[in-house]
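Colleague: Got a predicted structure plus its sequence, pasted below:
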Amino acid sequence: MGLDILEPNTCIRGCCTSKSIPLHLRPSSYTLHSPIARGAESVVYEATLDGRKVAVKKPVLSTSEDLDKFHKELQLLCKLDHPGLATLVAAHAKPPNYMFFFEFYESGNLAEKLHIEEWSPSIDQVLMIAAQLAKALQYLHNLGIVHRDVKPANVLLDRNLCPHLADFGLAEYGENLKGVSLENWRSSGKPTGGFHKKNMVGTLIYMAPEILKKEIHTEKSDVYSFGISINELLTGVVPYTDLRAEAQAHTVLEMNYTEQQLTAAVVSGGLRPVLANLELGVPTSILSLIQRCWDENPHNRPSFSDILLELDLVLEQRKSMREGDLFSGKSSVSYNEKVINGGNSTHTYQESISWTAQGEHSSKKASQSTDSDVRIWLESENDALTYYPVLSWGSFATCGRRETMEDAHFLMPHMCNEKDIHVFGIFDGHRGSAAAEFSARALPGFLQNLGSTSSPTDALLEAFVRTDAVFRNELDSHRKSKRVLQKDWHPGCTAVAALIVRNRLFVANAGDCRAILCRGGHPLALSRDHVASCLEERERVVSAGGQVKWQVDTWRVGPAALQVTRSIGDDDLKPAVTAEPEITETILSPQDEYLVMASDGLWDVVSNAEVVSIIKDTVKEPAMCSKRLATEAAERGSKDNITVIVVFLRPVSTAERIY
Ligand SMILES: Nc1ncnc2c1ncn2[C@@H]1O[C@H](COP(=O)(O)OP(=O)(O)OP(=O)(O)O)[C@@H](O)[C@H]1O
Ligand SMILES: [Mn+2]
Ligand SMILES: [Mn+2]
């Protein structure tokens, strides 16, 4: 690279120097493009430096401590040179611009790759990644450096899917760590609160028990986080979020764990994530290695040199096994056989139609005829001034006490590959699951195809109406072809969808699902329930020619005695029970914390305000929050299916994740 070093090559304070990495740059040599990630402490941009694509990490610097931290990180990065670490190619360390220029890693971070792209690496790929990371960590530990934030989100993948450990924001020399903590112990007898907050680093679920117990952090704590991460790679499951019915109670995270309980369970109950298993073809020696990495006692954990020896051995064995197989003609994938069985579910006459597939098919058909572009939704904005929320999302759905599941939902972040457009939806079926299953596939598809012709609001409205029309049409044609034998079967579903276009949040609702926003610590309703007990809705139904009667315990619509007044399907009650949603638009700002959407199974027993207070003491991880809310509703006696989606709208800082 033709970047010349401008002498003297030091930062403004003179504390960072390098022979090979330029530490200040001519403004003409680089250009920042769009942001690719906003972390709790920095924004990362795609950029060009001297004609080469790079990633620029621009830390948020608001206090002099932040500046000290920048210099410390830069000093450290200048000393590092290892293929398993993210490579610093330049820096700018003079006011007003403080930036790190890194090599660009095309395939993003490992957490996204696993959980958003749903990449499931082969065993050999996992072993390769594990070995590469172990080498990088061995190199750091040999220099006396503890990384302190080892997790898949901090592992970047290049185009060949080789891993590069990144994010040295929390890295420290081991000796400094010991010094700091001893000082604290001496001065007050016990570590102070401030000390904990600052030193409880990394993310809770990757943290070693000794850190959770507020004891000293050593390089063996990196080994623990490494073990948790490799197991996550093998299972594809975010630690503590899976719910396998057959797993033993002590290894499954009970759904109602709060942060304190999770911490206590990891520390004293020895709770660990569900271990990858042999059925996946993982060699026993790897399973045992993972377990030793996450041993309670740091001294029992292997060093990275030991880990590398073991990994090399396994890689060697697998290589010779493959060569052996070539000669004997054997296949090494026999473990697959066990997996394929089951599938003898009990279909009833009308459910033998796959409504999910029908929905998928309908939305695909629509997309062939249009040439849509949702990017125009982003165009009207003044980029420099717009607030960018930072999203993370998760969901949880349970049948609850019902025998059948009639809820359906979808998560579609980055709709049409646009990083600032996201859509999420929940459908609560009644009189069967057909309408909900169909809509969960069809509606997002229709919405994608409406970009070029309408505003987000019009597109949402049109997507609801079209989903309803196409569903009723399909049902009709099945009735005609006698695939649906029961003429008086009129399935329907309520629906709520949230569409986020950069800083604008649109919520469309038809029926009694609900969406709320937590703004500045308080719940804000984004939708109104459409039920016959609501006077306005009752009047609308009547003026549209429908009948509303007080029956049993409440107001109900038509002969079907439906409580909701808007829905998709329900063709016996159209047009009075309309599919037209009510739509709200909200401009998001930094005080907006998260969005919660759920079917009425939650709202029947948990109020908006209770949702906020439950999330307050749950690990700030969207899937965990969703699960916790659903469990709470089930415990309170909800008799319905329960589906919850939680979307965080700003990064959750490490401290917030813990307390
Ligand atoms: N060199 C790079 N190439 C490609 N993507 C990158 C690069 N560096 C960072 N990113 C993206 O930016 C994200 C954040 O980077 P990083 O972890 O260094 O920042 P951070 O502010 O410390 O974040 P956190 O909130 O995790 O502490 C990464 O997960 C990755 O998706
Ligand atoms: Mn990070
Ligand atoms: Mn960080």
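Modeller: Everything's here; your move. Ligands and ions are numbered 1, 2, ... in the order given.
Colleague: Specify the local secondary structure of the nearest residue to Ile568 once chain neighbours are set aside.
Modeller: Leaving out its chain neighbours, the residue that sits closest to Ile568 by Cβ to Cβ, 6 or more residues apart in numbering is Asp468, at 4.4 Å. Placement of C-beta: from N, CA and C, glycine included. Put simply, Asp468 is helix when judged by DSSP: H, G, I helix; E, B strand; the rest coil.
Colleague: doesn't Gly569 make contact with Asp468?
Modeller: Yes - if you go by Cβ atoms under 8 Å, Asp468 and Gly569 touch, sitting 6.7 Å apart.
Colleague: bridging residues for Lys549?
Modeller: Arg556 (DSSP bridges).
Colleague: measure it to ligand 1 for me?
Modeller: Computed as Cβ to the nearest ligand atom, to the nearest Å, the Lys549 to ligand 1 distance reads 55 Å.
Colleague: ok, that residue to Ser567 distance?
Modeller: 18 Å (Cβ to Cβ, to the nearest Å).
Colleague: neighbour-wise, which of these two wins?
Modeller: Using other Cβ atoms under 10 Å, the more surrounded residue of Lys549 and Ser567 is Ser567, with 30 against 12.
Colleague: Quick one: neighbours of the closest residue to that one other than its chain neighbours, just the number.
Modeller: Leaving aside its sequence neighbours, Ser567 sits nearest to Gly492 (Cβ to Cβ, 6+ apart; 4.4 Å). Gly492: 33 surrounding residues under other Cβ under 10 Å.
Colleague: which residues does the closest residue to ligand 2 within the stretch 151-300 of the chain contact?
Modeller: Going by Cβ to the ion, ligand 2 is nearest to Asp167 of the stretch 151-300 of the chain, at 3.9 Å. Counting by Cβ atoms under 8 Å, 6 or more residues apart in numbering, Asp167 touches 86, 149, 154.
Colleague: Verify the stated contact: the residue nearest to Ser567 with Asp572.
Modeller: No - Gly492 lies out of contact with Asp572 (Cβ under 8 Å); the separation is 9.1 Å.
Colleague: How about residues contacting the helix or strand encompassing Ile516?
Modeller: Counting by DSSP states H and E, the element that carries Ile516 is strand 514-519. Contact with strand 514-519 is made by 496, 498, 505, 507, 509, 523-527, 529, 586, 591-598, 600, 603, 608, 611-612, 615, as judged by Cβ under 8 Å, 6+ apart.
Colleague: Can you tell me which of these are buried?
Modeller: Neighbour counting with 16 or more other Cβ atoms under 10 Å marks 496, 498, 505, 507, 509, 523-524, 526-527, 529, 586, 592-598, 600, 603, 608, 611-612, 615 as buried within those.
Colleague: Please flag which of the residues you listed sit within strands.
Modeller: Under the assignment DSSP state E, the buried ones among the contacts of strand 514-519 contribute 496, 498, 505, 507, 509, 523-524, 586, 592-598 to strands.
Colleague: Please name the bridge partners of the residue nearest to Glu582 when sequence neighbours are not counted.
Modeller: Closest residue in space to Glu582, ignoring its immediate chain neighbours: Asn509 at 5.7 Å, by Cβ to Cβ, 6+ apart. Beta-bridge partners of Asn509, counted by DSSP bridges, are Val496, Glu582.
Colleague: Enumerate every residue touching Asn509.
Modeller: By Cβ under 8 Å, 6+ apart, the contact list for Asn509 reads 495-497, 515, 527-528, 530, 566, 581-583.
Colleague: As a check, name the ranges of all strands in the stretch 351-500 of the chain.
Modeller: For the stretch 351-500 of the chain, the strands defined by DSSP state E, counting those that start in this stretch cover 392-398, 407-412, 421-430, 492-501.
Colleague: Mind putting the ones you listed into TSV with mean pLDDT and distance to ligand 1?
Modeller: Compiled in TSV, these are given as follows (pLDDT from 0 to 100; distance: least, Cβ to the nearest ligand atom, whole Å):
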stretch	mean pLDDT	distance to ligand 1
strand 392-398	93	11
strand 407-412	96	19
strand 421-430	97	17
strand 492-501	97	19
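Colleague: deepest of those strands, which one?
Modeller: strand 492-501 (a mean of 29; mean count of other Cβ atoms under 10 Å).
Colleague: and it with strand 392-398, angle?
Modeller: Between the axes of strand 492-501 and strand 392-398, defined by axes from the mean of the first three to the mean of the last three Cα atoms, to 10 degrees, the angle is 170 degrees.
Colleague: now the angle between strand 592-598 and strand 492-501, please.
Modeller: 160 degrees.
Colleague: which regions of the protein lie under the pLDDT threshold?
Modeller: Counting by pLDDT under 70, the chain has low-confidence residues at 1-2, 178-202, 241-261, 323-352, 369-371, 380-384, 482-485, 653-659.
Colleague: Helix or strand: which one has the closest residue to ligand 3 within it?
Modeller: Closest to ligand 3 within the chain is Gly169: 3.7 Å, counting by Cβ to the ion. Following DSSP H and E, there is no helix or strand that holds Gly169.
Colleague: show me the contacts for it.
Modeller: 41-42, 59, 69, 73, 149.
Colleague: Residues of the stretch 151-300 of the chain that sit close to ligand 3?
Modeller: 167, 169 (Cβ under 5 Å from the ion).
Colleague: Now do the strands for the stretch 151-300 of the chain: every range, in order, please.
Modeller: For the stretch 151-300 of the chain, the strands defined by DSSP E, counting those that start in this stretch cover 155-157, 163-165, 172-173.
Colleague: just checking, what packs against the shortest one?
Modeller: Secondary structure elements in contact with strand 172-173, counted by 3 or more Cβ pairs under 8 Å, 6 or more residues apart in numbering; DSSP states H and E, are strand 145-146.
Colleague: For stretch 461-481, which residues meet the burial criterion?
Modeller: 461-468, 470-472, 474-475, 478-479.
Colleague: quick one on the thing from earlier: Throw the contacts of Asn509 into CSV and include distance to Ser221, thanks.
Modeller: Supplementary listing: the contacts of Asn509 in CSV, determined by distance: Cβ to Cβ, whole Å:
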residue, distance to Ser221
Ala495, 46
Val496, 43
Ala497, 43
Ala515, 40
Ser527, 45
Arg528, 49
His530, 52
Arg566, 53
Pro581, 50
Glu582, 51
Ile583, 49
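Colleague: Between those, which sits nearest Leu114?
Modeller: Ala497 (26.3 Å; Cβ to Cβ).
Colleague: Grab the nearest non-local neighbour of Leu6.
Modeller: His24 (5.9 Å).
Colleague: so which strand or helix has that neighbour?
Modeller: Using DSSP H and E, His24 falls outside every helix and strand.
Colleague: Distance of it relative to ligand 2?
Modeller: Applying Cβ to the ion, to the nearest Å, the value for His24 to ligand 2 is 25 Å.
Colleague: In contact with that residue, which residues?
Modeller: With Cβ under 8 Å, 6+ apart, His24 has these contacts: 6, 9, 11, 91-94.
Colleague: Recalculate using a threshold of 7 Å.
Modeller: 6, 92-94 (Cβ atoms under 7 Å, 6 or more residues apart in numbering).
Colleague: who in the stretch 151-300 of the chain is up against ligand 2?
Modeller: Counting by Cβ under 5 Å from the ion, the residues of the stretch 151-300 of the chain lying close to ligand 2 are 154, 167.
Colleague: in its sheet, what does the strand holding Ile516 sit against?
Modeller: Strand 514-519 is paired, per DSSP bridges, with strand 522-525 (antiparallel), strand 592-598 (antiparallel).
Colleague: thinking again about what came up before, tell me the two of the ones in strands among the buried ones among the contacts of strand 514-519 that are most distant?
Modeller: Asn509 and Glu593 (20.7 Å).
Colleague: Now the residue of the stretch 1-150 of the chain found nearest ligand 1: closest residue in space, sequence neighbours ignored.
Modeller: Nearest residue of the stretch 1-150 of the chain to ligand 1: Gly39, at 2.5 Å (Cβ to the nearest ligand atom). Take Gly39 and drop its neighbours on the chain: the residue closest to it by Cβ to Cβ, 6+ apart is Pro651, 5.8 Å away.
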